[in-house]
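Novice: Provided below for reference: sequence and predicted model.
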Amino acid sequence: MTHLPRVALEIKTVGLYDLVLQDVQKILGKNRVSEEEILQVMQEHPEIFEDYKQINVEYNLSNIHLRNIDLDTIKDPEAKELAKKVNENLDHLREIEKYTLDFEQSSTLVIIFSIEFFVLFSVQYFIVLLDLKEWQWWIYSFFALSIVAAWIYAKKERKVYETNNAIYEKKYEETLKMIAKLEEEGHLKKSDLIIESCDEHI
């Protein structure tokens, strides 16, 4: 559901993907690259495409380059129901797309580490600056408890990521098959659903 010509154009022209472009340039050994060359590199080096998708998820931009189906254009009741299901799936996929990131690279883990750093700083502040050395074992115990709590929370969140990622993969394939079925039956053209450009980049 990601429109590859759009990906190549964005890598070439949008500053957000400068690091990805630099990787493409390094692979090709030249500074000026065409969209066709970028497409070729993505085929031979899937990690380039994965980097593009990861950047989008991090910046809350969707990798699903399809708009929802206009239900008014479909007259057949059975096909309309299938189109409704496609739209529901597309909405759900966009909603859980953030879970396609590796948990280790997610903002959730960054927040957990930030909180723990703050707690550690507070521990040092209370013991050293406020001269609470007689309370240091209680303070260290609190810090140890916060580490345990953070570990439990991180483990729980990792499970949420894994579960939603599995749902995403399954629903993604299911949606593609439904769109293909509607196209085969002549109810729509997938090319009409493609979002050629991202408003956030304009």
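Specialist: Cool, the structure landed. Numbering: from 1, shown residues only.

Novice: okay, now the domains of the protein?
Specialist: 1-63, 70-187 (automatic domain parsing).

Novice: average pLDDT across stretch 22-35?
Specialist: Taken as a whole, stretch 22-35 has an average pLDDT of 96.

Novice: residue 28: neighbour count?
Specialist: 15 (other Cβ atoms under 10 Å). Where you see a C-beta, it was placed from the backbone N, CA and C, and this is true even at glycine.

Novice: now do residue 87
Specialist: By other Cβ under 10 Å, neighbour count at residue 87 equals 15.

Novice: need the contact list for residue 96.
Specialist: For residue 96, the contacting residues are 164, 167-168, by Cβ atoms under 8 Å, 6 or more residues apart in numbering.

Novice: take these and keep only those in helices.
Specialist: Residues of the contacts of residue 96 located in helices (DSSP state H): 164, 167-168.

Novice: select only the buried ones of the residues you listed in ChimeraX?
Specialist: To isolate the buried members of the ones in helices among the contacts of residue 96 in ChimeraX, using 16 or more other Cβ atoms under 10 Å:
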select :164,168
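
Novice: so which bits of the helix or strand containing residue 24 are buried?
Specialist: If you go by DSSP states H and E, residue 24 is part of helix 18-28. Of all the residues in helix 18-28, those buried under the rule 16+ other Cβ under 10 Å are 20-21, 23-25, 27.
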